[in-house]
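Visitor: Have a look at this prediction, sequence included:
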Amino acid sequence: MNDRISYEEKKELPDSVFGLPERREYPMPDAAHVRAAEAYFRYCPDDLKPKLARAILQRASQFGVDVQSPTVLAYADK
C-alpha cells in the first residue's frame with residue numbers, strides 16, 4: 001500500500017480530508033493516511049497539535065482505525 005500522495009492528487013483533495021485544512025497538511029483520504037498522520041504527528045507544530053489530534057480521531061472513526069498513540073490521544077483532550 002502506498003501512503004504517498006502526489007502533488008497533483010493532493011491538489012484534487014477537498015479541504016475536509018486534511019488534518020490541518022488551512023495549511024492543507026496531513027491528508028487523510030483513507031485508513032492508510034490516517035495511520036500515516038498518526039505516525040507523523042510529532043512533526044506538527046505544538047500549537048496545532050490539539051486540532052490535528054482531534055482531526056485524526058475523527059477520520060480514524062470514519063475508517064475504523066484504532067488510534068494507538070498516547071500522545072495523539074492526550075492532545076485530543078486539550
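Guide: It's in.

Visitor: The lengthiest helix in the chain packs against which elements?
Guide: Of all segments of type helix in the chain, defined using DSSP state H, the longest is helix 49-63. Using 3 or more C-beta pairs under 8 Å, 6 or more residues apart in numbering; DSSP states H and E, the elements in contact with helix 49-63 are strand 18-20, strand 25-27, helix 31-39, helix 70-76. C-betas here are computed from N, CA, C, even on glycine.

Visitor: Reformat the ones you listed into a markdown table and put mean neighbour count next to each item.
Guide: Shown next, in a markdown table, are those (neighbours: other C-beta atoms under 10 Å):
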| stretch | mean neighbour count |
| --- | --- |
| strand 18-20 | 22 |
| strand 25-27 | 21 |
| helix 31-39 | 20 |
| helix 70-76 | 15 |
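
Visitor: these two touch, right, G64 and V34?
Guide: No. Shown here, G64 and V34 do not form a contact pair, counting by C-beta atoms under 8 Å, at 9.5 Å.

Visitor: ok, back up a step: pull out the buried positions in the longest helix of the chain.
Guide: Neighbour counts over helix 49-63 (16 or more other C-beta atoms under 10 Å) mark K49, K51, L52, A53, R54, A55, I56, L57, R59, A60 as buried.

Visitor: Measure how it sits relative to helix 31-39, angle-wise.
Guide: If you take axes from the mean of the first three to the mean of the last three C-alpha atoms, to 10 degrees, helix 49-63 sits at 160 degrees to helix 31-39.

Visitor: For the closest residue to A37 other than its chain neighbours, which residues are in contact?
Guide: Once flanking residues are discounted, A37 sits nearest to Y26: 4.5 Å by C-beta to C-beta, 6 or more residues apart in numbering. Shown in contact with Y26 (C-beta atoms under 8 Å, 6 or more residues apart in numbering): F18, G19, L20, A37, Y40, C44, L52, A55, I56.
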